[in-house]
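[1] Fold the following.
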Amino acid sequence: MSTVFNFTFVPWFRSVAPYIHMHRGKTFVVGVAGEAIAAGKLGSIATDLALIQSMGVKIVLVHGFRPQVNEQLRLKGHEPRYSHGMRITDEVALDSAQEAAGQLRYEIEAAFSQGLPNTPMAGSTVRVISGNFITARPMGIIDGVDFKHTGTVRKVDVAGITRSLDAGALVLISPFGFSPTGEAFNLAMEEVATSVAVALLADKLIFLTEKPGVRVQPLAPESDDNPIDTEIPLAEARALLAKLPPPELPTDVGFYLRHCVKACEHGVERSHILPFSVDGALLLEVYVHDGIGTMVVDEKLESVREATADDVTGILQLIEPFEKDGTLVKRSRTEIERDIGNYTILEHDGVIFACAALYPYPEAKTAEMAAVTVSPQSQGQGDGEKIVKRVEQRARAMGLASIFVLTTRTMHWFIKRGFQPVDPDWLPEARKRKYNWDRKSQVLVKKL
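    Numbers count the residues shown, from 1 in each chain. Below you'll find the predicted structure:
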């Protein structure tokens with residue numbers, strides 16, 4: 001049993017390591033919907049945030065409290081009132097919001113204080129600092145509706161939050177703001193989280209919500225045939241919002257999306273919508289390629305480019321497992337360093353997920369595409385097609401008429417992409433002399 005565990009844990013942990021390095025020292029603002037706490041998810045969320053913080057990430061946690069305030073209102077025999085997707089906060093609602101916020105702050109601080117042996121929080125020391133970091137102003141009257149004690153963010157105390165983060169604390173912010181005269185205003189968690197992320201120029205804004213993310217077909221029913229769109233460029237997200245009716249409910253497609261777009265437009269590179277219903281959603285989004293929810297990004301993170309000397313180690317790590325199982329012919333570091341100019345790579349967030357090399361035979365107007373490799377983490381997501389397309393472009397630029405591959409196990413993959421089997425005698429003379437007749441590789445050619 002332990003041997004099986006070692007074989008699964010060690011490769012997994014190594015695959016996570018680049019993301020640990022990448023996020024160390026970064027700032028994440030995490031907005032947690034009150035529904036997540038009402039659903040009993042606070043313990044696991046606190047555990048995951050403590051784990052992320054232990055790996056060097058600075059965290060600001062903004063909690064929501066919609067259902068908790070509604071419960072307080074119900075106990076007082078008072079109906080919640082909304083307009084334009086916002087709560088109308090009268091005196092009773094303000095009292096209810098203050099009571100709910102006080103209770104939640106206590107519960108959240110308690111969740112981060114659990115350090116019992118044999119629990120995920122064992123040995124962790126998470127200091128939680130909260131305070132009056134938000135200055136607010138009244139929402140006022142909109143379309144004849146007086147929002148009373150509902151407010152909007154006026155200013156974020158960046159210096160105060162930064163000092164707390166630099167001291168190693170997790171900063172906890174309730175959706176309340178205060179005017180310079182000391183008047184309290186009820187705020188929307190989503191607006192507070194977005195305003196804080198923009199003010200801090202955070203590296204990520206993450207919403208942990210009842211929504212699983214944005215579907216590939218946003219207005220179609222949720223189903224396996226309509227999966228979550230894991231990455232939406234900012235321009236596409238803007239275009240989608242323009243097509244949608246103004247969102248009012250958290251379950252509306254554009255409700256969290258508009259805040260993600262606003263954050264990205266103001267300097268936050270990546271904004272995320274994650275489902276709190278999935279255990280470990282934060283870890284899956286932050287430390288796994290492609291994640292679990294929807295990410296809005298101000299530019300495409302994937303880059304297909306020619307390799308440089310700095311990519312040698314990443315290429316070696318990518319192809320090594322395939323050399324061990326016999327899929328690829330073994331190449332030494334010296335060979336890859338010598339031929340690095342022949343390689344094309346696909347990287348995502350600084351990690352190489354696919355590669356291929358191009359060896360031209362100009363006298364025969366052809367070239368070999370070798371070492372075609374796609375990481376197991378991203379197979380089936382089109383990375384192989386992107387690499388092949390770029391290699392084909394390189395070959396055309398050289399004035400070549402075709403490219404060929406030698407393979408023992410992936411013949412059908414190449415056939416689907418326009419390659420045709422040929423006899424090994426077809427190979428250029430220089431390549432035929434190096435052909436390993438014992439390996440019996442299939443030769444496939446694609447005309448350009």
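[2] right, and residue 387 touches residue 356 too?
    Yes: with contacts counted by C-beta atoms under 8 Å, residue 387 reaches residue 356, the gap being 4.9 Å. For the C-beta atoms, the positions are set from N, CA and C on the backbone; glycine is no exception.
[3] So which elements touch the top strand by length along the chain?
    In the chain, with assignment by DSSP state E, the single longest strand is strand 351-361. Counting contacts by 3 or more C-beta pairs under 8 Å, 6 or more residues apart in numbering; DSSP states H and E, strand 351-361 packs against helix 312-324, strand 343-348, strand 366-374, helix 383-397.
[4] Residues in a beta bridge with residue 405, which ones?
    residue 444 (DSSP bridges).
[5] Over to residue 28?
    Counting by DSSP bridges, the residues bridging with residue 28 are residue 59, residue 204.
[6] Return the distance of it relative to residue 206.
    Separation of residue 28 from residue 206 (C-beta to C-beta, to the nearest Å): 6 Å.
[7] Against which helices or strands is the lowest-mean-pLDDT helix or strand in the chain packed?
    When the helices and strands of the chain are compared on mean pLDDT, DSSP states H and E, helix 2-23 comes out lowest with a mean of 78. Other helices and strands packing on helix 2-23, by 3+ C-beta pairs under 8 Å, 6+ apart, are helix 281-287.
[8] Quick one: mean pLDDT over the helix or strand that the helix it packs on is followed by.
    Going down the chain from helix 281-287, the next helix or strand is strand 294-297, by DSSP states H and E. Model confidence over strand 294-297, given as mean pLDDT, is 92.
[9] now what about strand 294-297, what contacts it?
    The contact list for strand 294-297 (C-beta atoms under 8 Å, 6 or more residues apart in numbering) reads 213-214, 228-234, 237, 257, 260-261, 263-264, 269-273, 285.
[10] try it again with 10 Å
    Contacts to strand 294-297, defined as C-beta atoms under 10 Å, 6 or more residues apart in numbering, come from residues 204-207, 211-215, 228-234, 236-238, 240, 256-257, 259-265, 268-275, 285, 301.
[11] Strand partners (parallel or antiparallel) of it?
    For strand 294-297, the pairing partners within the sheet under DSSP bridges are strand 231-233 (parallel), strand 270-275 (antiparallel).
[12] Now do the nearest residue to residue 333 once chain neighbours are set aside: how many residues are near it, please.
    With sequence-adjacent residues excluded and distances taken as C-beta to C-beta, 6 or more residues apart in numbering, residue 333 is closest to residue 316, at 6.1 Å. For residue 316, the count of nearby residues is 16 (other C-beta atoms under 10 Å).
[13] now swap in residue 436 and tell me
    9.
[14] And it, which helix or strand is it part of?
    Here residue 436 is assigned to no helix or strand, by DSSP H and E.
[15] what's the spacing between the residue nearest to residue 333 and residue 335?
    The gap separating residue 316 from residue 335 is 10 Å, by C-beta to C-beta.
[16] Can you verify my assumption that residue 191 contacts residue 151?
    Yes: here residue 191 reaches residue 151: they are 9.5 Å apart, a contact under C-beta atoms under 10 Å.
[17] one step back: can you tell me which residues contact the residue nearest to residue 333?
    Listed by C-beta under 10 Å, 6+ apart, the contact partners of residue 316 are 323, 331-333, 336-337, 352.
[18] which ones among these are found in helices?
    323, 333, 336-337 (DSSP state H).
[19] Rounded mean pLDDT for stretch 257-265, please.
    Taken as a whole, stretch 257-265 has an average pLDDT of 95.
[20] buried subset of the contacts of strand 294-297?
    Buried by 16 or more other C-beta atoms under 10 Å: 204-207, 211-215, 228-234, 237-238, 240, 256-257, 259-264, 268-275, 285, out of those.
[21] Output the below-cut-off pLDDT ranges for the chain.
    Along the chain, segments meeting pLDDT under 70 span 1-7, 115-121, 299-302.
[22] Residue 8: how many residues sit nearby?
    Neighbours around residue 8, by other C-beta under 10 Å: 10.
[23] likewise residue 197?
    31.
[24] Touching, residue 364 and residue 403? I think so.
    No: counting by C-beta under 10 Å, residue 364 sits too far from residue 403 to count as a contact (11.4 Å).
[25] neighbour count winner among those two?
    residue 403 (25 against 17).
[26] Next up, phi/psi of that one, please.
    phi -130, psi 150 (degrees, to the nearest 10).
[27] follow-up on the earlier one: residues in contact with both of residue 387 and residue 356, list them for me.
    343-346, 369, 372-374.
[28] Phi and psi next, for residue 155.
    phi -160, psi 140.
[29] got a list of what it touches?
    Per C-beta under 10 Å, 6+ apart, neighbours of residue 155: 133-137, 177, 180, 195, 199.
[30] same deal with residue 250?
    Neighbour list for residue 250: 33-35, 64, 66, 85, 189-190, 207, 209-211, 256 [criterion: C-beta under 10 Å, 6+ apart].
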